[in-house]
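Enquirer: Generate coordinates for the sequence data below:
(chains A, B and C)
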Amino acid sequence: MSMDGALGDPGGGTESPPRASGSGASFEVHLDVFEGPFDLLLALISKHKLDITEVALSQVTDEFIAYISERSDDWDLDQVSYFLVVAATLLDLKAARLLPSGEVEDEEDLALLEARDLLFARLLQYRAYKEVAAIFAARMTAAARRFPRRVPLEPRFAQLLPEVLLGLGPAEFARLASLALAPKPPPKVSTEHIHAPVVSIKEQARVIAALLAELGRASFRQLTVNAADSYEIVASFLALLDLYRDDAVTFEQVTPLGDLYVTWTGHWDADSVNELTESDG
Amino acid sequence: MSSEPNPQDPGDLQEPEDAALLEGPGLRASLEAILLVADEPVPVVVLAQVLERPRNEVLAELNALAASYTAEARGFDLREIAGGWRFYTREDCAPLVERFVSDAQEVRLTQAALETLAVVAYRQPVSRARVSAVRGVNCDSVMRTLVLRGLVEEAGTDPETGAILYRTTGYFLERLGLASLEDLPALAPFLPEDIEDIEDENARS
Amino acid sequence: MSSEPNPQDPGDLQEPEDAALLEGPGLRASLEAILLVADEPVPVVVLAQVLERPRNEVLAELNALAASYTAEARGFDLREIAGGWRFYTREDCAPLVERFVSDAQEVRLTQAALETLAVVAYRQPVSRARVSAVRGVNCDSVMRTLVLRGLVEEAGTDPETGAILYRTTGYFLERLGLASLEDLPALAPFLPEDIEDIEDENARS
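Expert: Now for the predicted structure:
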């Protein structure tokens, strides 16, 4: 999957870090070590030796998206949804930077600023817990060097223990055992045992591109109304990110978590769309 | 209290007539003996009750005892961990003790488990959904592992959402070598205030 | 061994310059640490081995240590019983310890303890890790309680994992009013086969 980072303004790009370009390239950091989108963002920001600022977010947006795209084959739904929420915010922010900078007056900009502040807040929050987690680890290592006294009672004292009262008969005891031994109902919404059905992102990209070329503009909801399942929706979103990167679409989201509108830029013709299915796969 | 008979009168420890109750062993020896048989941390209040002494007197003696063990460079130490007092081996004896107790190694926690534990520790009681929202990643299976390890336990359900809530355990304090949750390191003070709302919005279930 | 520092000297225990392994703690502290965690009497030969010191040196130190505890009227005592050394509570502290022990224990078992007991009864011999996996909750401390109360006992180790296995005792049968394990009522027959797999997956150790 090509990643030439054609995502508009590369964020002022004075620094030119090793970018993920071409299918083989990857980040210096191992891909699968991130504990979620905030972890990834922090890693990217610190990789560029930036503070947590608006500029930093904008600078790492491309890499964040590239990371998602690169891993799109082995996401599970639980994981990817969190990344996508963050990705959507990042893209909004990135897009907003292209606007002429002036006084922020209208509702949309305010909502965007709010979304940005929220993202910062959550990022800082996550960082705080991460730091504390490191302290926990160090403390555990230190504490493991002290062994508590935990030995059986001397027989003379053990004899003093009062008789145990079980308070139930054999039949009740067996019932209790059956309950205790019964497999626990899996905690709800766990998808870790589900193997994601194969949904091709390229295929979704083709479908969406075709739809958009026709409609011009549509909400994400509209575009996925016929999706067979949530995996297809996720694939559609990832496909949109690809299209966005390739400058084929633009996004608009009026309120955080509100409907995402997608507009066909018209930079693509039918051939480009068809190439999608052939480029790789 | 003064005229109270010893309820456990063992036969040959005759009538402690005065308030000091213990003719035989002093407070220090009594504490040493009790803590020697305890297999979990013993709260000061329990010690005070058994010894029939004021709590602050017992606490002062415990601290003095711990200090003397340290001053004498003994191989054991008295520490207040997880809400109670208990004998521990001294840290510099660790290599030897490890060699002696073969099954000593505690399982190391993953980064995911540590982060989840951190959020639970500072936010308890807290639901899985909320922890997931803070970390930006699903924590169902990590939470299950923490429960299995005894570091975290269920603590009822959220009255509004019905979601199961979690809190840290006494074993968690033991693993961290903390006397109580109040001894947790301060969470970085720059946490934004309005974060609560965000989480509620994102918290599914 | 000639340049060895006096292990009884609490002040400057540092630097045994010879090959004797102990950079930090001296022989006295080392013995105290090891005996603190020993759950059964430890023969001198074992101590000598762990400490890499001659047996007679270790024995001399043990005797000196025991004598000093007595001289200082400590609540604990070091004694050689059944071929090994172990900490014991001092005799004149016994009444207090008895009170502590009998006060601390409930007559009734907790729900968690009953469930754990049930799993052990129907799955014995079984490791703690497996019981924890079945219950989804750590059961280490509950198992200790069951052992303490005489309902469960150790039954060797798992040949594969080396984990300690547990089984129920005669006292358990007695409390349940059964003559033998065969009299345990059969379980409801709905247990699926694959529960084994789940457990194996979760069982650490």
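Enquirer: nearest residue to the residue nearest the centre of chain B other than its sequence neighbours?
Expert: Nearest to the geometric centre of chain B sits residue B:82, at 1.0 Å (CA atoms, centre = their mean). Closest residue in space to residue B:82, ignoring its immediate chain neighbours: residue B:173 at 3.8 Å, by CB to CB, 6 or more residues apart in numbering or on different chains. For the C-beta atoms, the positions are set from N, CA and C on the backbone; glycine is no exception.
Enquirer: correct me, but the one you found touches residue B:184?
Expert: No: using CB atoms under 8 Å, residue B:173 is not in contact with residue B:184; the gap is 9.3 Å.
Enquirer: neighbour-wise, which of those two wins?
Expert: Set residue B:173 next to residue B:184 and count neighbours by other CB atoms under 10 Å in any protein chain shown: residue B:173 wins out with 23 against 18.
Enquirer: Quick one: residues contacting the more buried one.
Expert: The contact partners of residue B:173, by CB atoms under 8 Å, 6 or more residues apart in numbering or on different chains, come to B:81-83, B:179-181.
Enquirer: what about residue A:74, neighbour count?
Expert: Neighbours of residue A:74 (other CB under 10 Å): 11.
Enquirer: typed the wrong thing, it's residue A:221
Expert: For residue A:221, the tally of surrounding residues (other CB under 10 Å) stands at 11.
Enquirer: got the contact list for it?
Expert: Residues in contact with residue A:221, defined by CB under 8 Å, 6+ apart, are A:259-260.
Enquirer: ok now the longest helix along chain B, how far from the chain's centre?
Expert: Using DSSP state H to define each element, chain B has its longest helix at helix B:55-71. The chain centre lies 18 Å from the centre of helix B:55-71; the measure is CA atoms, centre = their mean, to the nearest Å.
Enquirer: swap in stretch A:129-142?
Expert: 25 Å.
Enquirer: count of residues packed around the residue lying closest to residue B:84 once chain neighbours are set aside?
Expert: For residue B:84, ignoring the flanking residues on the chain, the nearest one in space by CB to CB, 6+ apart is residue B:41 at 2.8 Å. When neighbours are counted by other CB under 10 Å, residue B:41 registers 20.
Enquirer: Residue B:87 is in contact with residue B:41, correct?
Expert: No: here residue B:41 does not reach residue B:87: they are 10.2 Å apart, not a contact under CB under 8 Å.
Enquirer: ok but residue B:78 is inside a helix, no?
Expert: No: Residue B:78 is assigned strand when assessed by DSSP: H, G, I helix; E, B strand; the rest coil, not a helix.
Enquirer: so it touches residue B:66, yeah?
Expert: Yes: using CB under 8 Å, residue B:78 is in contact with residue B:66, at 4.1 Å.
Enquirer: neighbour-wise, which of those two wins?
Expert: More crowded of residue B:78 and residue B:66, by other CB under 10 Å: residue B:78, with 21 against 15.
Enquirer: beta partners of the more buried one?
Expert: residue B:87 (DSSP bridges).
Enquirer: Spit out the contact partners of it.
Expert: Contacts of residue B:78 (CB under 8 Å, 6+ apart): B:35, B:62, B:65-66, B:69, B:85-88.
Enquirer: One more pass at 10 Å, please.
Expert: Residues near residue B:78 by CB atoms under 10 Å, 6 or more residues apart in numbering or on different chains: B:31-32, B:35, B:62-70, B:85-88.
Enquirer: out of these, who's nearest chain C?
Expert: residue B:32 (2.9 Å; CB to the nearest CB).
Enquirer: residues in contact with that closest one?
Expert: Shown in contact with residue B:32 (CB under 10 Å, 6+ apart): B:25-26, B:65, B:69, B:78, B:87, C:69, C:72-77, C:87, C:89-90, C:93.
Enquirer: what's the pLDDT at it?
Expert: Listed pLDDT for residue B:32 reads 97.
Enquirer: Could you tell me whether it really is in a helix?
Expert: Yes: applying three-state DSSP, one finds residue B:32 inside a helix.
Enquirer: Model confidence score at the closest residue to it other than its chain neighbours, please.
Expert: Excluding the flanking residues, the one nearest residue B:32 by CB to CB, 6+ apart is residue C:75, at 2.9 Å. Looking at residue C:75, its pLDDT is 96.
Enquirer: Number of residues surrounding residue C:75?
Expert: A count of neighbours around residue C:75, defined by other CB under 10 Å, yields 24.
Enquirer: quick one: the nearest residue to residue A:176 once chain neighbours are set aside and residue A:229, what's the gap?
Expert: Leaving out its chain neighbours, the residue that sits closest to residue A:176 by CB to CB, 6+ apart is residue C:118, at 4.7 Å. Remark: distance between residue C:118 and residue A:229 (CB to CB, to the nearest Å) = 41 Å.
Enquirer: now residue A:60
Expert: Going from residue A:60 to residue A:229 by CB to CB gives 31 Å.
Enquirer: of the two, who's got more company?
Expert: More crowded of residue A:60 and residue A:229, by other CB under 10 Å: residue A:60, with 24 against 12.
Enquirer: measure that one to residue A:42 for me?
Expert: On the measure of CB to CB, residue A:60 and residue A:42 end up 10 Å apart.
Enquirer: Could you do residue A:128 as well?
Expert: Taken as CB to CB, the span from residue A:128 to residue A:42 is 11 Å.
Enquirer: next one: residue A:247
Expert: Distance of residue A:247 to residue A:42, computed by CB to CB: 28 Å.
Enquirer: same thing with residue A:218?
Expert: 34 Å.
Enquirer: and if you look at residue B:179?
Expert: Remark: distance between residue B:179 and residue A:42 (CB to CB) = 32 Å.
Enquirer: next one: residue B:25
Expert: Here residue B:25 is placed at a distance of 57 Å from residue A:42 (CB to CB).
Enquirer: quick one: which of those two has more around it?
Expert: Legend: neighbour count by other CB under 10 Å for residue B:25 and residue A:42, higher for residue B:25 (24 against 19).
Enquirer: which residues touch the residue nearest the centre of chain A?
Expert: Among the residues of chain A, the one closest to the centroid is residue A:83, at 1.5 Å (CA atoms, centre = their mean). Neighbour list for residue A:83: A:34, A:36-38, A:40-41, A:64-65, A:67-68, A:71, A:75, A:234, A:237-238, B:136-137 [criterion: CB under 10 Å, 6+ apart].
Enquirer: Could you rerun that using 8 Å?
Expert: Residue A:83 makes contact with A:36-37, A:40, A:68, A:75, B:136, according to CB under 8 Å, 6+ apart.
Enquirer: Also residue A:220?
Expert: A:236-237, A:240, A:259-262.
Enquirer: for residue B:77, same thing?
Expert: Applying CB under 8 Å, 6+ apart, the residues near residue B:77 are A:146, B:66, B:69-70, B:87-90.
Enquirer: Of the residues you listed, which is the most crowded?
Expert: Counting by other CB under 10 Å, top hit in the contacts of residue B:77: residue B:89 with 30 neighbours.
Enquirer: what sits against that one?
Expert: Applying CB under 8 Å, 6+ apart, we find residue B:89 in contact with A:146-147, B:75-77, B:97, C:33, C:36-37.
Enquirer: which one of these sits closest to residue A:55?
Expert: Nearest to residue A:55 among those: residue A:146, at 46.9 Å, using CB to CB.
Enquirer: Return the set of residues that bridge with residue B:167.
Expert: Listed by DSSP bridges, the beta-bridge partners for residue B:167 are residue B:153.
Enquirer: Having no further points to raise, I will conclude here.
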